[in-house]
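S.K.: Show me how the following folds:
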Amino acid sequence: MSTEAKSTAAAGCGFREIRGLVTELSRRLDAHQRGRIAELDLTPTQAKALEELGEPRTARELAAALCCEPPNVTYVISKLEKQGMVVRQPHPLDGRAKQLVLTEAGRELRLDLLRRMGAESPLDHLSDAERSVLRDDLLKALGRAD
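M.R.: Got it, this is the predicted structure:
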């Protein structure tokens, strides 16, 4: 095998290995997240909505954060509203809009969700410094380096 062919094979193997490792980590993180969400009897979309509602948002803003259409958000929020987790309030700056605001029960559920998702994570064995390096490297790989 020529030197160029060996170099190309080594580079390809490196990319395949990295892709495989990133995929495996993603699957582990997803399984961990889904398990924690299920413990609270939530759907993944409900959990993401709770995460995003740390501050009041309009349905349109929440839809953008969830990468979905506003009617889907309406359905998810209606379910959370029936459970007493979210209320719709008039927007303070736009009389035509409503804001989605967590109730006290919703804030407690959100904090519980965030605690659970942070506990026993597939990244727990990494130190804070190692997680910081991993974050920086992932941002760099995504072309979003600080």
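S.K.: any idea how far Pro71 is from Arg88?
M.R.: 15 Å (C-beta to C-beta, to the nearest Å). All C-beta atoms are positioned from the backbone trio N, CA, C, and that covers glycine.
S.K.: try Leu114
M.R.: Relative to Pro71, and taking C-beta to C-beta, Leu114 is found at 27 Å.
S.K.: So which of these two has more stuff around it?
M.R.: Legend: neighbour count by other C-beta atoms under 10 Å for Leu114 and Pro71, higher for Leu114 (15 against 10).
S.K.: Over to the residue positioned nearest the centre of the chain: give its phi and psi.
M.R.: In the chain, the C-alpha nearest the mean C-alpha coordinate belongs to Lys48, at 6.3 Å (C-alpha atoms, centre = their mean). Backbone torsions of Lys48, given as degrees, to the nearest 10, read phi -60, psi -40.
S.K.: ok, the nearest residue to it once chain neighbours are set aside - how many residues close by?
M.R.: Leaving aside its chain neighbours, Lys48 sits nearest to Leu66 (5.7 Å; criterion: C-beta to C-beta, 6 or more residues apart in numbering). The criterion is other C-beta under 10 Å. On that basis, Leu66 has 17 neighbouring residues.
S.K.: do Glu52 as well
M.R.: Using other C-beta under 10 Å, Glu52 is surrounded by 17 other residues.
S.K.: how far away is it from Met117?
M.R.: Using C-beta to C-beta, Glu52 is found at 14 Å from Met117.
S.K.: same for the worst-scoring helix or strand of the chain on mean pLDDT, what does it pack against?
M.R.: With mean pLDDT, DSSP states H and E as the measure, the helix or strand of the chain carrying the lowest mean pLDDT is helix 3-39 (a mean of 82). Helix 3-39 sits against helix 44-52, helix 104-118, with contacts defined as 3 or more C-beta pairs under 8 Å, 6 or more residues apart in numbering; DSSP states H and E.
S.K.: May I see the buried residues of that helix?
M.R.: Within helix 3-39, the residues that qualify as buried by neighbour count (16 or more other C-beta atoms under 10 Å) are His32, Gln33, Arg36, Ile37.
S.K.: and the first one, what is it in contact with?
M.R.: When you say that, I think you mean His32. By C-beta atoms under 8 Å, 6 or more residues apart in numbering, His32 lies in contact with Met117, Glu120, Ser121, Pro122.
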